[in-house]
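J.: here is the input, now give the coordinates:
(one chain, ligands or ions: 2)
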Amino acid sequence: MTDTAFANFVRGLPKAELHMHIEGSLEPELMFALAQRNGITLPYKSVEEIRAAYEFSNLQDFLDIYYQGAGVLITEADFKDLALAYFQRLAADGGTHAEIFFDPQTHTDRGIAFETVIKGLLAGMDEAEKTLGVTSKLILCFLRHLSEESAFETLEQGKPWLSSLAGVGLDSSEVGHPPAKFARVMQAARDLGLKVVAHAGEEGPPEYVWEAIDLVKVDRIDHGNRALEDEALTARLVKDGTTLTVCPLSNLKLCGVPSLDVHPLKRMLSLGLKATVNSDDPAYFGGYLLENYLATADAVGLTRDEVVTLAKNSFTGSFLSEAEKAERVAKVEAYAAAH
Ligand code: HPA
Ligand SMILES: [Zn+2]
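T.: Ligands and ions are numbered 1, 2, ... in the order given. I've put the predicted structure just below:
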């Protein structure tokens with residue numbers, strides 16, 4: 001296959017995205033438009049100036065800018081516009097399903113009502129399904145640099161919206177905030193019937209991944225890269241068939257890997273890990289779902305079969321029902337057989 005034929009093949013391949021922070025899909029253009037709509041003055045003069053600020057040497061560098069950017073999101077319409085813009089990009093990339101994260105505390109801590117945030121996002125998700133045919137689920141993330149008490153308050157705010165939530169997650173600054181800090185609130189969420197995921201092993205050590213599986217009993221690991229440093233842990237993840245939501249361009253931008261050609265994605269697949277490809281914060285990391293597939297395929301030499309496996313993993317690792325997963329995987333197989 002030529003590069004173009006391969007890119008077209010990957011674009012048309014049905015894919016799910018399982019690791020994407022909706023606040024991280026805020027493009028500088030929309031940031032400016034929302035700032036203007038809401039009478040907010042940004043510390044940047046132009047879209048170019050914003051993009052130039054996106055040079056990060058670690059997760060915290062990025063988070064500081066990401067939380068600042070989210071400050072332009074005020075009304076329900078802002079959250080709806082944000083979500084719709086993402087789903088349009090996803091649909092253009094051949095994405096057919098997404099399980100998106102949102103960070104309520106980033107908004108409630110600056111006086112925006114939980115209800116405003118979730119209503120806007122749900123409206124965007126609903127419209128995306130109707131107009132683009134993209135299905136989606138919502139995952140409420142607790143900011144791990146904040147307290148357990150604050151996480152419990154946030155879970156309480158989510159209770160009236162339980163039927164609209166697929167699960168809860170753990171994000172923000174990882175090192176110094178191990179999964180154990182949130183074991184009780186994650187258990188409370190599980191008792192409500194929610195799925196549980198956690199960022200682990202992005203910057204944090206393998207011990208954090210152990211805690212995520214043994215203490216928090218996660219349904220998926222977000223990132224998980226550093227699990228590879230521990231053979232017993234890797235073997236356990238393989239044995240359990242735990243899905244890892246890997247984010248190659250994010251790892252590159254946050255200096256988790258020095259260059260994409262040494263990214264562990266191909267190795268993860270060879271080891272039998274259930275890896276998936278995701279964009280994390282596409283507006284900040286330089287690529288949406290398709291670009292993550294293509295840039296990584298090019299850098300580490302993914303085969304067509306490996307790309308098909310990644311697409312299948314994205315559905316089997318999703319929170320769709322077993323029947324829906326089987327239907328979606330069959331669509332991937334039918335597409336691969338026909339192209
Ligand atoms: O990549 C990330 N890691 C942790 N927290 C986050 N919140 C948004 N993006 C990220
Ligand atoms: Zn993430």
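J.: centre of the chain to stretch 228-247, how far?
T.: Between the centre of stretch 228-247 and the centre of its host chain there is 18 Å, according to Cα atoms, centre = their mean, to the nearest Å.
J.: got it, and stretch 242-257?
T.: 10 Å.
J.: what's the span of stretch 257-268 from first residue to last?
T.: Using Cα to Cα, to the nearest Å, the end-to-end distance of stretch 257-268 comes to 15 Å.
J.: can you give me the buried ones in that stretch?
T.: 257, 260, 263-266, 268 (16 or more other Cβ atoms under 10 Å). Glycine gets a C-beta too; all of them are placed from N, C-alpha and C.
J.: restricted to helices, list these.
T.: Residues from those lying in helices, with DSSP state H as the criterion: 265-266, 268.
J.: how about the strands in the stretch 151-300 of the chain?
T.: 167-171, 195-200, 220-223, 243-246, 274-277 (DSSP state E, counting those that start in this stretch).
J.: ignoring the adjacent residues along the chain, who's closest to residue 128?
T.: Of all residues not flanking residue 128 in the chain, residue 87 sits nearest, at 3.5 Å (Cβ to Cβ, 6 or more residues apart in numbering).
J.: which residues does the one you found contact?
T.: 98, 124-125, 128, 132, 134, 136 (Cβ atoms under 8 Å, 6 or more residues apart in numbering).
J.: can you check residue 108 too?
T.: Residue 108 neighbours (Cβ under 8 Å, 6+ apart): 114, 117, 154, 157.
J.: what helix or strand is residue 18 on?
T.: strand 15-21 (DSSP states H and E).
J.: my bad, residue 332
T.: helix 322-338.
J.: what is that helix packed up against?
T.: On a contact count with 3 or more Cβ pairs under 8 Å, 6 or more residues apart in numbering; DSSP states H and E, helix 322-338 meets strand 95-102, helix 304-316.
J.: could you list the buried residues of it?
T.: Taking 16+ other Cβ under 10 Å as the criterion, helix 322-338 shows 325, 328-329, 332, 335-336 as buried.
J.: again, but for stretch 221-236
T.: Within stretch 221-236, the residues that count as buried by 16+ other Cβ under 10 Å are 221-228, 230, 233-234, 236.
J.: same deal with stretch 211-224?
T.: Neighbour counts over stretch 211-224 (16+ other Cβ under 10 Å) mark 211-213, 215-216, 218-224 as buried.
J.: over to stretch 238-248?
T.: Residues of stretch 238-248 classed as buried by neighbour count (16+ other Cβ under 10 Å): 242-248.
J.: what of stretch 124-142?
T.: If you call a residue buried by 16+ other Cβ under 10 Å, then stretch 124-142 has these buried ones: 124-125, 128, 132, 134-142.
J.: near ligand 1 at all, the strand holding residue 18?
T.: Yes - interface with ligand 1: strand 15-21 contributes residue 21 (Cβ under 6 Å from any ligand atom).
J.: which neighbouring elements make contact with the very next helix or strand once past that strand?
T.: Next in sequence after strand 15-21, counting helices and strands by DSSP H and E, comes helix 28-37. On a contact count with 3+ Cβ pairs under 8 Å, 6+ apart, helix 28-37 meets helix 47-52, helix 76-92.
J.: most tightly packed of the ones you listed?
T.: Comparing the helices and strands packed on helix 28-37 by mean neighbour count (mean count of other Cβ atoms under 10 Å), helix 76-92 ranks first with a mean of 21.
J.: against residue 300, how distant is the closest residue to residue 309 other than its chain neighbours?
T.: Counting by Cβ to Cβ, 6+ apart, the nearest residue to residue 309 once its immediate chain neighbours are dropped is residue 269, at 6.4 Å. Using Cβ to Cβ, to the nearest Å, one gets 10 Å for the distance from residue 269 to residue 300.
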